[in-house]
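Peer 1: Build me a model from this:
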Amino acid sequence: MKLRILAITMILMTAMMAASMTTVESPGTFEKFGSRVDDIIFRVAGSLSGEATDFEAGNIDFMDWAVPADRIDAWESNPAIILEDYSEAGWYEYDINLQMWPIGHGSMRPELGELGGAAPTADMGWAFPASWDEGHYWIDDGCQRCQDAKMFRKALASLTNRDGLSSAFPGTLSPMETFIFPTIGGWEDPAAPTYPYSIANAKSYFDQGGFKDYDNDGRREYCKHVAERNAWLPGQPAPADTEEIPDIQLWSRTDDPPRQLAGELMASGLAACFIATDYHGGTYSTCTPHAWKAYDYHIYTGGWGWATVPDMYYECWNSEKDIYPSTDGDNYNRYHRQTYDTLSYDFKTSATSAAALPLCYQCQQVIHDDVACIPLYTMAGYVAHRKYYKVGVVGEEQYGGLEWQGFVNEQGFGYYGGAFGFSSLNAHPAGYERGGTIRHGLIDIPAKIDPLDSESFYEAQIISKMYEALIARNPLSVADYIPWLASSFTEGTWVNPQGDTCSKVTVTLRPNILFHDNHPLTPEDVEFSYQYKKAAMAVAESTVLKEYHSCVIDGDTIQIRYNSTSFLALSWVAGTAIIPKHIWEAYPPKLPGDPAVPGSWSFDPEAENKLIGTGPFRAYKDGIVGKLDISAGRDYIHLSANPTYHRELIRPDFVNSDIQPVPDGTVDIDDFGMVIGKYGDAKPWTDPTWGPITDVNKDDFVDVDDIMETGARYGLTGCQSGYPPGYA
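Peer 2: Alright, predicted model coming up:
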């Protein structure tokens, strides 16, 4: 009798406890619920080869990188390893600094003086227009020094040995002449300027720019007087006003073998052309501060993991993306051309992809003629994961040797994934609906775990498991978007106060989503996130928030309004993760202070134990939600599964009338009986038959919540696959 009264009471609560669910996975698909494991551990190797060794030893289940060329054959023949094809959403490049002479026509630092090109000389007949910032050097076709620096860059482009890179790492690199990578193929201009590898061509470009060995000392100098340098012949006295060329500051990543070789090849090519380099090899944490913080590099072997839209031609080289003296500008090539600014903004604000395409072509024409940056390659080949759960792990013995199921090879992102990573969300040991630990490799140490201030790929791999956006990309078809924190979305337009027609995205927030500390997610959290992150110039998201205007809230429906019309609007929403207002509102947004002091923001959520989002994993240590479990050396990071993640994976119909673990299509008294029979069980997953069933809400404990979840669906039919009808 008491049981039936409870069931009737629970039926009345159904409307308050709606949950969104999806069908069970099959090969080539993905699940929208999770996480399917109890824990995720990130293990930092310090190098690609070290990470590959960790993988071979079974210390990690998958890598954050493509399979290295020297491991492909062995891993293909290893029955304990699964390989699948991969083509990266991103690229690698020679970053070049256009504010540093002689790659650019000036120096960003006046203290370097005349040799650095701190100011255009009077006899060039050119000066800064009053409207331009004199802390940045702009390319002007009437400026001889601009044109000479451009010849220097064309020489660098001619020294780019893509074939040498590809042959050294067979089956893993796809050479690129533009920044359009294969995942977003169709945007590449076939007529964009290219520069075949040629030492002879490079020497010719150096000569055309006035960079010759005038004093026969085995090192080129610069002469700014065009007539004199053109008339000069080897063996003659050097022309007047020749300048020594400063050593080229070349920073080469040694933690990534292809980029290490790229740096060595460029240094060798420059030496063959009598250009001296100051070569620096180092890891990510050693090299990147010179490119992103101090901006004191000439060449850096960089790389971008990108979204699946071609907006790099605005985001990387429009002059407003150079935020010097602030750090971490996307345009750290520091490219400035007034006509390009107009062109790239028109491209970004095109209403449709069809309208954007010819403008994207024009952007490529200008960028690659000016050689603002030099594309190298994108990663291609394979990604890998372990086929079996590691044997002999204390406390995880029940999973040892079981096959992993649920890995998702995301288009453009492999197993490490974009957004939160569907492999981390979906993977689980065979036979267990949930359980175990997945171990995720990282090449480099995360410096800072912060949804606003973190900037590296390695940090993003961790943060993306805790924070998420309103919509996501379909991992198997990245041109398509799917609802996530939102149950639905539509694109449209609105008219801003200036009378302009602009983009808007309207979303309906899903019910019953909780932050990790059990505060409900509300429309006000969405509005706060957009306003706060824009004001704070969030490092990873300033791009997608640049055009944000406002939110209009109507119940659970939110209009996200932008200041321009753009075919990119959905990508902006997908790129904006939501933060909790009740945590962050106590810390007003503040821009970085001293550019030389990393992390000079007003709030450090890692230090304050406030890493709290809505994502499938949470920071949890010592019973404190929001406290990150991280080693002193930051080479081990542990996150726990979010037990209330989207209220997903709720399967209350789990037995037939014979009390067998087979759904009979109706949530009835038999299902209640089984939950009550397991009431009070902690860690029920050790029983692989009934544990995954009776722990309905997947919080590792069979309690009144599981009874309530079952009651909320009492009498529902059509649940043979485990889900109420009408959910997708």
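
Peer 1: Asp604 against Asp450, yeah?
Peer 2: Yes: at 6.6 Å, Asp604 and Asp450 qualify as touching, with contact defined as CB atoms under 8 Å. Glycine gets a C-beta too; all of them are placed from N, C-alpha and C.

Peer 1: Compare neighbour counts for those two and give me the winner.
Peer 2: Using other CB atoms under 10 Å as the criterion, Asp604 and Asp450 rank with Asp450 on top: 23 against 15.

Peer 1: What helix or strand is Ile676 located in?
Peer 2: helix 669-677 (DSSP states H and E).

Peer 1: That helix packs against which elements?
Peer 2: Packing partners of helix 669-677 (3 or more CB pairs under 8 Å, 6 or more residues apart in numbering; DSSP states H and E): helix 2-12, helix 691-694, helix 704-711.

Peer 1: hey, least reliable of those helices by pLDDT?
Peer 2: Among these, helix 2-12 has the lowest mean pLDDT, at a mean of 28.

Peer 1: Using PDB, write down the CA coordinates of stretch 548-556.
Peer 2: Only the C-alpha atoms of stretch 548-556 are listed here, as PDB (Å, rounded to 0.1, in the frame of the first residue of the first chain):
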ATOM      1  CA  TYR A 548      27.700  40.200 -29.000                       C
ATOM      2  CA  HIS A 549      25.100  42.900 -28.200                       C
ATOM      3  CA  SER A 550      22.500  41.600 -25.600                       C
ATOM      4  CA  CYS A 551      20.200  38.900 -24.500                       C
ATOM      5  CA  VAL A 552      16.400  39.100 -24.300                       C
ATOM      6  CA  ILE A 553      14.800  36.600 -21.900                       C
ATOM      7  CA  ASP A 554      11.200  35.300 -22.100                       C
ATOM      8  CA  GLY A 555      10.800  32.400 -19.700                       C
ATOM      9  CA  ASP A 556      13.200  29.700 -20.800                       C
END
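
Peer 1: Report the buried residues of that stretch.
Peer 2: Neighbour-count burial for stretch 548-556 flags Tyr548, His549, Cys551 (criterion: 16 or more other CB atoms under 10 Å).

Peer 1: ok, Asp256 - contacts?
Peer 2: Leu48, Thr301, Gly303, Ile443 (CB atoms under 8 Å, 6 or more residues apart in numbering).

Peer 1: let's see it at 7 Å
Peer 2: Leu48 (CB atoms under 7 Å, 6 or more residues apart in numbering).

Peer 1: what do you get for the one 5 residues further on?
Peer 2: Applying CB under 7 Å, 6+ apart, one finds that Leu261 lies in contact with Leu165, Ala168.

Peer 1: and it, how far is that from Asn656?
Peer 2: Between Leu261 and Asn656 the distance is 62 Å, computed by CB to CB, to the nearest Å.

Peer 1: Tell me which residues touch the residue nearest to Ile72 when sequence neighbours are not counted, please.
Peer 2: Among residues not flanking Ile72 along the chain, Gly171 sits closest, at 5.8 Å (CB to CB, 6 or more residues apart in numbering). For Gly171, the contact set (CB under 7 Å, 6+ apart) comprises Ala69, Ile72, Gly381.

Peer 1: Next, give phi and psi for Gly171.
Peer 2: Dihedral pair for Gly171: phi 80, psi 10, per degrees, to the nearest 10.

Peer 1: Same question for the one 4 residues further on.
Peer 2: Its backbone dihedrals place Pro175 at phi -60, psi 150, with angles given as degrees, to the nearest 10.

Peer 1: quick one: which of the buried residues of stretch 548-556 sit in helices?
Peer 2: Residues of those located in helices (DSSP state H): none.

Peer 1: Closest one to Asp140 out of these, please.
Peer 2: Nearest to Asp140 among the buried residues of stretch 548-556, counting by CB to CB, is Tyr548 at 32.8 Å.

Peer 1: was I right about Glu709 contacting Ile693?
Peer 2: No: counting by CB atoms under 7 Å, Glu709 does not reach Ile693; the two are 11.9 Å apart.

Peer 1: more neighbours, the two?
Peer 2: Remark: of Glu709 and Ile693, Ile693 carries more neighbours, 25 against 22, as counted by other CB under 10 Å.

Peer 1: which residues touch the more buried one?
Peer 2: For Ile693, the contacting residues are Phe654, Pro661, Met674, by CB under 7 Å, 6+ apart.

Peer 1: now those: which count as buried?
Peer 2: Buried among those by 16+ other CB under 10 Å: Phe654, Met674.

Peer 1: Check the offset of the helix holding Ile676 from the chain's centre.
Peer 2: With CA atoms, centre = their mean, to the nearest Å as the basis, helix 669-677 stands 45 Å off its chain's centre.

Peer 1: Now Arg473, what are its backbone angles?
Peer 2: Here Arg473 shows phi and psi, under degrees, to the nearest 10, equal to phi -80, psi 140.

Peer 1: surely it meets Tyr481?
Peer 2: Yes: Arg473 lies in contact with Tyr481 (CB under 7 Å); the separation is 6.1 Å.

Peer 1: Now Phe528. Nearest residue, chain neighbours left out?
Peer 2: Lys581 (4.0 Å).

Peer 1: Would you mind measuring from that neighbour to Ile81?
Peer 2: Lys581 is 45 Å from Ile81, by CB to CB.

Peer 1: all helices for the stretch 251-400 of the chain, in order.
Peer 2: 257-272, 284-288, 312-315, 338-348, 353-370 (DSSP state H, counting those that start in this stretch).

Peer 1: Any idea how many residues pack against Lys590?
Peer 2: Lys590: 13 neighbours (other CB under 10 Å).

Peer 1: Where in the protein is the helix or strand with the lowest mean pLDDT?
Peer 2: Counting by mean pLDDT, DSSP states H and E, the chain has its least confident helix or strand at helix 2-12, which shows a mean of 28.

Peer 1: need the next SSE after that helix, C-terminal direction.
Peer 2: Following helix 2-12 in sequence, per DSSP H and E, is strand 39-44.

Peer 1: And the helix or strand following that next one, what's buried?
Peer 2: Counting by DSSP H and E, the element after strand 39-44 in chain order, helix or strand, is helix 48-56. Neighbour-count burial for helix 48-56, with 16+ other CB under 10 Å as criterion, is recorded at Leu48, Ser49, Glu51, Ala52, Asp54, Phe55, Glu56.

Peer 1: Also stretch 174-182?
Peer 2: Buried, per 16+ other CB under 10 Å, within stretch 174-182: Ser174, Met176, Glu177, Thr178, Phe179, Ile180, Phe181.

Peer 1: One more: stretch 662-672?
Peer 2: Per 16+ other CB under 10 Å, stretch 662-672 contains these buried residues: Pro663, Asp664, Thr666, Val667, Asp668, Asp670, Asp671, Phe672.

Peer 1: Looking at the last one now. What's its pLDDT?
Peer 2: Translated: Phe672. So Phe672 comes in at 83 (pLDDT).

Peer 1: ditto for Asp695
Peer 2: Model confidence at Asp695, given as pLDDT, is 78.

Peer 1: And it, how far from Arg259?
Peer 2: Counting by CB to CB - Asp695 and Arg259 are separated by 46 Å.

Peer 1: need the helices for the stretch 401-550 of the chain, in chain order.
Peer 2: Under DSSP H, counting those that start in this stretch, the stretch 401-550 of the chain gives helices at 422-426, 457-463, 523-536, 542-545.

Peer 1: Most tightly packed of those?
Peer 2: helix 422-426 (a mean of 28; mean count of other CB atoms under 10 Å).

Peer 1: Please work out the average pLDDT along that helix.
Peer 2: 94.

Peer 1: for Lys348, what are its contacts?
Peer 2: Here Lys348 is in contact with Asp311, Tyr314, Ser566, Leu568 (CB under 7 Å, 6+ apart).

Peer 1: And for the second one, the neighbour number?
Peer 2: It refers to Tyr314. Residues near Tyr314, counting by other CB under 10 Å: 28.
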